[in-house]
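Enquirer: Take this sequence and fold it.
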Amino acid sequence: MKKRLSILLVLMLTFALLVGCSSPAPAATPEPAPAPAPAPAPSDDTGIVKMGLGHITSIEKSKDLNGDVLPLGQVDTIIAAVAFDKDGKVVKVTIDSAQTRVNFDKELQITSDLKAENKTKVELGDAYGMAKASKIQKEWYQQIAELEKWMIGKTVDEIKAMKTVESAPDVPELASLVTVSVGDYIAAVEEAYNTAVEVQGGAVSLGLGHNIDVSKSKGYSNKDGKETLPLAQVDTVMAAAAFDKDGKVVGTLIDNAQTKINFDKEGKITTDKKGEFKTKVELGDAYGMIKASSIQKEWYQQIAELSKWMVGKTVDEIKAMKTVEKDAAHPAVPDVPELTSLVTISVEHYIEAVAEAFANAK
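Expert: Below you'll find the predicted structure:
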């Protein structure tokens with residue numbers, strides 16, 4: 001019995017020693033935390049699938065010669081370049097207004113500088129002078145920028161449904177920011193939507209450019225039995241252009257609002273001040289260039305070919321186009337194989353407008 005107890009005691013002591021001398025079990029190694037997912041690469045896709053160019057032209061502010069009131073030919077052309085997504089929502093929008101005046105004296109001679117630069121309201125900036133009379137102390141360019149911001153993400157129907165009071169916005173977001181009458185600006189955006197064209201993928205910015213010329217205006221003259229009546233003519237070239245991340249054109253629309261205000265020899269306006277004034281593209285075949293065209297193509301057809309040629313090129317490449325002077329009225333006709341049989345109009349003003357669109361793109 002004693003022998004068994006001794007053996008048991010020895011076994012218990014041996015076990016105790018083994019337990020006391022053993023190393024503690026290593027702590028369980030935690031599972032490594034999953035690596036964070038890489039941030040998505042920035043996308044160049046802004047969702048732009050279409051772009052449009054809208055415009056509204058009016059001569060209603062023109063004036064007859066009437067006592068001390070001197071004759072005035074005034075052309076107001078509102079321009080809107082707009083980009084839309086697949087759902088018809090506004091992605092990018094730029095609105096401007098070219099308020100161009102040709103002044104005459106009592107003898108019906110032009111007093112305006114026909115070679116001077118004619119600026120839009122946005123270009124005039126603070127010099128336009130609206131802030132002085134504005135109850136919210138904001139200039140035209142500041143107010144139109146707020147209206148543009150409000151349009152982003154909305155469809156044309158939603159924009160047209162804006163509540164107004166006396167033609168100014170009556171929505172909380174704009175009440176303290178926009179007091180100008182917005183009807184024509186909305187109408188120009190709607191026209192841009194209705195005439196929008198598809199653009200190539202990858203458009204990241206949209207710009208609006210223009211070129212305004214009044215040099216074809218005339219004062220009254222009567223020489224050698226040939227009478228020339230007063231004319232205020234304003235040619236407003238406009239271009240909406242979309243660009244990719246490399247600055248290449250993915251879509252462009254170019255038009256020209258050639259607006260004429262005729263006066264009689266008494267200084268009275270003979271043009272219908274409430275008439276509809278169409279651009280060269282809108283006139284289509286009625287513009288009548290094909291009769292004098294050596295390639296039998298209308299203006300709208302030629303400008304469409306020029307616009308196509310620009311796609312895939314940078315502004316520098318477009319400006320580097322080789323041209324040739326055909327005559328004094330056509331100093332820059334394309335001289336590149338792709339266009340010689342398609343475009344015979346002088347293109348300098350159209351290229352300038354697209355270059356400006358690039359400089360202004362957002």
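Enquirer: Let me see the ranges of the strands in the stretch 251-362 of the chain.
Expert: 323-324, 333-334 (DSSP state E, counting those that start in this stretch).
Enquirer: which of the ones you listed is buried the deepest?
Expert: Burial of these is given as mean neighbour count (mean count of other CB atoms under 10 Å); strand 333-334 ranks first at a mean of 20. C-betas here are computed from N, CA, C, even on glycine.
Enquirer: in its sheet, what does it sit against?
Expert: Strand 333-334 has the following sheet partners, assigned by DSSP bridges: strand 323-324 (antiparallel).
Enquirer: so what pLDDT did Thr46 get?
Expert: Note on Thr46: pLDDT of 75.
Enquirer: which one is it nearest to, not counting chain neighbours?
Expert: Residue nearest to Thr46 in three dimensions, not counting chain neighbours: Val204, with 5.4 Å by CB to CB, 6 or more residues apart in numbering.
Enquirer: got a list of what the one you found touches?
Expert: The contact partners of Val204, taken as CB atoms under 8 Å, 6 or more residues apart in numbering, are Asp44, Thr46, Ile48, Phe243, Asp244, Lys245.
Enquirer: Check what pLDDT it gets.
Expert: For Val204, the pLDDT comes out at 96.
Enquirer: would you list the strands of the stretch 251-362 of the chain in TSV and tack on distance to Asp272?
Expert: Compiled in TSV, the strands of the stretch 251-362 of the chain are given as follows (distance: least, CB to CB, whole Å):
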stretch	distance to Asp272
strand 323-324	38
strand 333-334	35
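Enquirer: For those strands, give me JSON lines that also has mean pLDDT.
Expert: Formatted as JSON lines, those follow (pLDDT from 0 to 100):
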{"stretch": "strand 323-324", "mean pLDDT": "96"}
{"stretch": "strand 333-334", "mean pLDDT": "97"}
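Enquirer: returning to what we had before: now the buried members of the contacts of Val204.
Expert: Thr46, Ile48, Phe243, Asp244 (16 or more other CB atoms under 10 Å).
Enquirer: And the pLDDT at the third one?
Expert: In this case it means Phe243. pLDDT, Phe243: 97.
Enquirer: contacting residues around the residue nearest to it when sequence neighbours are not counted?
Expert: Using CB to CB, 6+ apart and skipping the chain neighbours, the partner closest in space to Phe243 is Ser205 (5.0 Å). By CB under 8 Å, 6+ apart, the contact list for Ser205 reads Lys92, Ala242, Phe243, Ala361, Lys362.
Enquirer: Looking at these, spot the one nearest Asp335.
Expert: If you rank these by distance to Asp335 using CB to CB, Phe243 comes first, at 25.2 Å.
Enquirer: Spit out the contact partners of that closest one.
Expert: Each residue near Phe243 by CB under 8 Å, 6+ apart is listed here: Ala203, Val204, Ser205, Leu206, Gly207, Val249, Val250, Phe358, Ala361.
Enquirer: This completes my enquiry, with thanks.
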